[in-house]
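Student: here's my sequence, what's the structure:
(2 chains, ligands or ions: 2)
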Amino acid sequence: MSPLVQLEHVTKKYDNLRVDAAAAVDDVSAAVAEGEAVAVMGPSGSGKSTLLNLIAALDRPTGGTVRVADVRVDSLSETGAARFRRRHIGMIFQFFNLLEDMTVADNVLLPAQLGGQSRRRARARATELLDRLQISRYADTYPARLSGGERQRVAIARALVNEPPLLLADEPTGALDTANGEAIGALLLELNAAGQTLILVTHNPDLAQRYAHRVIQIVDGRVADDSPAGLTGARP
Amino acid sequence: MRPAATVRAAWHGLTGRPLQAIIIGLVALASTAASALALGMAVEANAPFDHAFARDRGAQVAITVDTARTTPARLAATTRLPGVTAAAGPFPLTEVSTAITLAGAAGALQQQVVLTGRAAPGGPVDDLALDAGRWATTTGQVVWARTRTSLPVTVGQTITVTSVPGSPRLTVVGVATSVTGTAQAWVAPAEITALHGPGVAEMLYRFASAGTTTAMAADISSIRAALPAGALVGTPQSYLTVKQQAAAQVAPFTPFIVAFGVIALVMSVMIVVNVVSGAVVSGTRRIGVLKSIGFTPSAVVAAYVLQVALPAAVGCAAGAVLGDLLSEPLLSLSASVYGVGVLLMPLWVVVTVPLAMLALTGVAALAPALRAGRMSTVQAIATARAPRAAHGYAAYRLLGGVPAAPRALTIGLAAPFARPARTFLTLAAILFGAIAVTFGVGLGTSVSRAAAELSGSATEPVQISPPAGALTAAQQRAIVAAVNRQPGTLHYTAETDDQLAVPGLADPISVVSYPGPARWTGWTLISGGWYQGARQVDVNTFFLTATGTRVGDTYTLTAGARQETVRIDGEVFDVQGHASDIFMSSAALAALVPGLGADQYDVSLRPGINAQSYANALSARLGPRLDVTTTTGSPVFASVLVLDAVLTVLLIAVAGLGVLNTAVLQIRERAHDLGVFKAIGMTPRQTLAMVVSSAVGIGVIAGLIAIPAGVALHRYLVPVMGHAGGTNVPGTLLSVYSPAELAVLAVAGLLIAAGGALGPAGWVARTRTATALRAE
Ligand SMILES: Nc1ncnc2c1ncn2[C@@H]1O[C@H](COP(=O)(O)OP(=O)(O)OP(=O)(O)O)[C@@H](O)[C@H]1O
Ligand SMILES: [Mg+2]
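Tutor: Numbering: from 1, shown residues only, chains lettered A, B, ... in the order given. Ligands and ions are numbered 1, 2, ... in the order given. This is a model prediction of the structure:
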C-alpha cells in the first residue's frame, strides 16, 4: 500500500524570477504512512510552514511532486485544490484562524456546508465533535470570548468535521501556555491513537518526542534528519 | 512634528494603497466632470443670447429703407441721433429666386433668398462670426448665414440664381453666424448691383437704452422721425422678440440639468466619505504605529486628509478638463440653437467646480480622519484587524439558517450587515446611480417624443407656402395637382393662419385652421378632444394661461365687428411661437374673418420617403414662386439628448466606482478571513459568489427603490420642465416607461453592483491561499 503522503524532490522558491534565490523548501523527499504521527522541527524560517502549505495544496511547489491519498496535489487547479482540501485535509494553525464573526458551531459547520453536506449530517457530526472536545457549551458563543486553548479545540473540531484522512497542525501549541499546550498535545495523541494521520510542526522538542512516531528535522529547507521518536505521551 | 513627516506618511499611505488612490481620483474626476458640465450648461443656458449679443454687438433695431426715398446724408444723420451708440449700413438688399442642391437629397430646392451686400464681416454693429470658409470679396461669391432654421448649405457648393437673366451661379465661400439674425446670405456689395438690386438697404443700430419694449419703441420712433416719410419699408425689427424666444427655448431644460448636478454632488460626497472611513478603519494598525513613533493626533488627521486630497486634487483637475471637453460639442449645439457663433464654458465654472469638489472631498475626509486622530494608540495597535460591528453576527446566524441556500451566498449576503454605515453609503451611491439611469432613460424618451411632436417632423414634414401673403386659387390648384401627382404623398391639407386681436391680451393670438380634421397633422392633445363643429376650438397652454380659461370653458373671439362664442374642447401641446395659439376649422375661422385664402399646405409622407428629396421634386414641379420647406427637429432637443446621455453615463461610472470601493475595502479587511475560507475548502467560484453576492444584495435593494424613485422624479420634473417653458405636457411624455424597460432598469442597480464587485472578487478568487493567509 502506498503511503498517504509522498513527497519527491519537492522544491519551493518564492522568488521565481531570480535563479540564484534560496529555496524555502529544497529537494525534500519524504513519506508519511497512514496512521502515523510525524513531527516536523527546525529553526525559524527553515521552511516548515511552506512544506505544510505544499502538502495542503495551499501553494504549489516549484519542482517535484506531492502526492496525498494518490492525488497529485502539485498540479491541482485552485478549484481542484479547494475540493481536495475539503475531502482530505484538516488544518490547524498557531493563531487558530477562526472566523470571528461566526459562532463556534458555525465555524465548525462551515467546511461541511461548503462541501454541500446535508444539514442534518453536518450538525450531527459537529455536535459529536464539540462533545468530544468538551466545548459544546460554547457552541453558540463567538470565538472572541474563548481562551486560547478553547479556541484551538474549536479549530481542531473544524479541521475534523469532514473526517479528513490527514490532519496538518502548524505549531498548534505555539500560542498557548504550558498547561494548555499539554492538553492540546494529549488531544492530538488521542486522535492519532484512534487512527488519525497527523503531521505536526513544532518548535518544542519535548512535544515532538512524546507525541510523534517520527521526527523530521528541517534546516535551510532540506531534510537534515529523519528518525523515530518515543511517542510515549508521558512527561519524562 | 515636522510637516515633511506628515506629507511622507500620507505619501506612503497613498502609494501603499494605489487602488484606493485611483478610486478617489476617478470619483473626483467623474463627479467634477458631471457637475461642471451641468453647471456650465445651466449657466450658459441662462444667458447665452445675452453673452453672444453683447460680444458680437448685435443690432437692437434693424430697419429696411427705400434708398430712392432718402439720401445717404439723411441715413448717415440717423446714426448720429442721440441715444444711438453704434450703427452699420446701409447694406443693399435684393431678393432672388434660387435653386439649391442639398446633400443627401435628389434634385434642387427652389427658394427665395434675400441677399445682403456687405463688404466685410466685422463692424461696429453685428460683428459676424465666420464659422467656415472666408468672406465674399468679389461677385460670384456668397456667404451663407447659419441660423436655427437655415438650410444645411456648405462651403464649396454653388447656388443658382434663377430669377436673373443668364442664371448666374454663386459659389458658397463661407458660412457665418449673425447674432442679429436678419440675413439669409451675404454677397459683396457689387453683387447686388450686378443682380440689379431694387434699391432697398438695411440699417443696423445699437442704442444706449434698449432693455424694455418702451425704450425700444422710443428708439424706433426717433429713427422713423429722422427719415423722410415713406423711406421706411416694412416693420422695424426689435431684438427683444428674438431674445424672448431664445430664453423660452432653454428655460425647460434648466430643472433637469440642476437635478443631475445635485445627484452628482450627493453621490460623490457619499463615496468619498466611504473611501476615507474605509481607509481609516482598515488602517487602524497603521494609525497606531504612526502614533507610537510620535505622530500627534493632528498630524495623523493631516496625513489622512492629505492622503485623500492628493488624488482628489488630480481627479478634480482632470474632471474640469473633461467637463470642458464634453461641453464643447454641447455648447456648439446650443450655439446653433440661439444662432450665435461660439459659446464657451464660463471660466469661473471651470475654476470653481473642481475647487468646490476638492473642498467637499476634504470635508468628507475630515470626520473619519478626526476619528483616526482620537483613536488610542494602544487600542489601535492591539486590534490587529479592524474592529467589527456586532450587527453582522446576527445576520450571519439568520442567513446561515436559510435552508438550501449555498453557504458561500449566505455569508456574502450577510456581509453588508457587518458595516451598516458603509452599506448605507454604498446603497445610497448605487441608488442614486440607478435613479439617474431611470430618470435619464425616461427623460430621453420624453425629449425625443416632444421633439417629434412639436416639430411635426414625423407627421407633416413638408410645407408649401408662398414667400408672402396667401395662396391664390391658381396656386392652390397647382399645389393640389402637384402633390397628387408626386409619389410618396400620404396626406395633405390646406392651412389657413390668421392673427386675432383679443381684448385684454397684449399680443394677438395666432389662429391655425384646417378645412377638415387635424388629427394626423401631429399636434398632440394634453387634454380634451379635437374640435368638431364650427363653434369648437382647441388652444395651447399659453392661451389658457393668458386668458385664465380652462378646457370646457367658452370664450368669445372678436374680429372687427364680428363675434363668435366658442367652446374650448381641448388643450394642444404647442410651444412653437411661445405665444397663444388657437386651432379651429376653416369654416369657424371664415365665420370670424371671411374671405381668407389658404396660407400653406401641409403634407405627410409615406414611410421611407426622404423629405428633402420629396420637397426638391415638388419644388421642381411648382417653381420658385412657391417655397417648399421641410421640418427638421430643433437642435435644442438634440443637445438635451446628448447632455442627458453624457450625464447618465458619468453618474453610472461614479456609482460603479462606489461599489468597487466597497468591495475592495471589504476584501482588504477580510483578506485574512478569505484565506481561512479558502484553507478550509472554499473554491474560487464559491469565493467569487460570496464577494459578488455581498454587493448584489445591495444592488437588488437599490434597484427596487430606484425604479419608483426614478419614475417619480421623471413624473415630477418633466411637468416642471414643461411649465418652465410655459406649457403643460401631454400624457405621452409622461408615460414613457414600458414594462420591459422597467424590468431592464430594475436590473440596473444589480448590474452596477455586480460590475463594481466583479473585479476585486475575481482577484480574491485567484489569489493563492497561502498568500491570503499571510495577509494582514
Ligand atoms: N509568501 C512568501 N513570500 C516570500 N518568502 C516567503 C513566503 N513565505 C515564506 N517565505 C520565506 O521562506 C522561508 C521559509 O518560511 P516558512 O514560513 O516556511 O518558515 P518556518 O520554518 O515555518 O518558520 P517559523 O518557524 O518561523 O514559522 C523563509 O525564509 C521565509 O522568509
Ligand atoms: Mg512557520
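
Student: what's the helix or strand encompassing A:E182 in contact with?
Tutor: Applying DSSP states H and E as the criterion places A:E182 in helix A:178-193. By C-beta atoms under 8 Å, 6 or more residues apart in numbering or on different chains, the residues outside helix A:178-193 that reach it are A:35, A:37, A:133, A:147-149, A:152-153, A:156, A:160, A:167, A:169, A:172-173, A:176, A:198, A:200, A:204, A:207, A:210-211, A:231, A:233. For the C-beta atoms, the positions are set from N, CA and C on the backbone; glycine is no exception.

Student: who's in contact with residue 108?
Tutor: Just going to use chain A. By C-beta under 8 Å, 6+ apart, A:V108 lies in contact with A:126, A:129-130, A:154, A:157-158, A:161.

Student: chain B was what I was after
Tutor: Residues in contact with B:A108 (C-beta under 8 Å, 6+ apart) are B:99-101, B:160, B:616, B:619-620.

Student: leaving out chain neighbours, which residue sits closest to it?
Tutor: Of all residues not flanking B:A108 in the chain, B:A99 sits nearest, at 4.2 Å (C-beta to C-beta, 6 or more residues apart in numbering or on different chains).

Student: could you grab the helix/strand/coil label for that neighbour?
Tutor: With DSSP: H, G, I helix; E, B strand; the rest coil as the basis, the three-state label of B:A99 is strand.

Student: what do you get for B:L360?
Tutor: Per three-state DSSP, the local secondary structure of B:L360 is helix.

Student: neighbours of it, how many?
Tutor: Applying other C-beta atoms under 10 Å in any protein chain shown, we find 19 other residues in the vicinity of B:L360.

Student: name the element the most centrally placed residue in chain A belongs to?
Tutor: When C-alpha atoms, centre = their mean is applied to chain A, the residue found nearest the centroid is A:L168 (1.2 Å). Taking DSSP H and E as the criterion, the element that holds A:L168 is strand A:166-170.

Student: confirm that A:A39 sits in a strand.
Tutor: Yes. Following the definition three-state DSSP, A:A39 is counted among the residues of a strand.

Student: B:P124 versus the nearest residue to B:T182 once chain neighbours are set aside, what's the distance?
Tutor: Nearest residue to B:T182, sequence neighbours excluded (C-beta to C-beta, 6+ apart): B:A62, at 4.7 Å. Relative to B:P124, B:A62 is positioned 14 Å away (C-beta to C-beta, to the nearest Å).

Student: same deal with A:P165?
Tutor: From A:P165 over to B:P124 the distance is 99 Å, taken as C-beta to C-beta.

Student: more crowded one of these two?
Tutor: Neighbours were tallied for A:P165 and for B:P124 using other C-beta under 10 Å; the higher tally belongs to A:P165 (17 against 13).

Student: my read is that that one contacts A:H88, right?
Tutor: Yes. Using C-beta atoms under 8 Å, A:P165 makes contact with A:H88 at a distance of 5.6 Å.

Student: any residues in contact with both of the two?
Tutor: Here A:P165 and A:H88 share the contacting residues A:A69, scored by C-beta under 8 Å, 6+ apart.

Student: about what we covered before: of the contacts of helix A:178-193, which belong to strands?
Tutor: With strands identified by DSSP state E, the entries of those that belong to them are A:37, A:167, A:169, A:198, A:200.

Student: show the pLDDT at the closest residue in space to the fourth one that isn't next to it in sequence.
Tutor: Closest residue in space to A:L198, ignoring its immediate chain neighbours: A:A37 at 4.4 Å, by C-beta to C-beta, 6+ apart. Listed pLDDT for A:A37 reads 91.

Student: please apply the same query to B:A748.
Tutor: Among the per-residue scores, B:A748 shows a pLDDT of 73.

Student: kindly report the same for the one 4 residues further on.
Tutor: What the model reports as pLDDT for B:I752 is 75.

Student: which element is it on?
Tutor: B:I752 belongs to helix B:739-766 when assigned by DSSP H and E.

Student: now do that helix: distance to the chain's middle.
Tutor: In terms of C-alpha atoms, centre = their mean, to the nearest Å, the centre of helix B:739-766 is found 29 Å from the chain centre.

Student: try stretch B:597-609
Tutor: Relative to the mean C-alpha coordinate of its chain, stretch B:597-609 is positioned 29 Å out (C-alpha atoms, centre = their mean).

Student: hang on, A:R87 packs against A:V161?
Tutor: No. Using C-beta under 8 Å, A:R87 and A:V161 do not qualify as a contacting pair, with a distance of 11.9 Å.

Student: residue of chain A closest to chain B, please.
Tutor: As assessed by C-beta to the nearest C-beta, chain B sits closest to A:R86 within chain A, at 3.3 Å.

Student: that residue: which element?
Tutor: Per DSSP H and E, the secondary structure element for A:R86 is helix A:78-88.

Student: does A:T62 touch A:H9 like I think?
Tutor: No. Counting by C-beta under 8 Å, no contact exists between A:T62 and A:H9, whose distance comes to 10.7 Å.

Student: how about the nearest residue to residue 21, chain neighbours excluded?
Tutor: Assuming you mean chain A. Setting aside the residues directly before and after it, A:A21 is nearest to A:D15 in space (C-beta to C-beta, 6+ apart), at 4.0 Å.

Student: meant chain B, my bad for not saying
Tutor: For B:A21, the nearest residue in space outside its immediate sequence neighbours is B:P311; the separation is 4.2 Å by C-beta to C-beta, 6+ apart.

Student: hang on, the earlier thing: who's more crowded, A:T62 and A:H9?
Tutor: More neighbours sit around A:T62 than around the other of A:T62 and A:H9, counting by other C-beta under 10 Å; the figures are 18 against 12.
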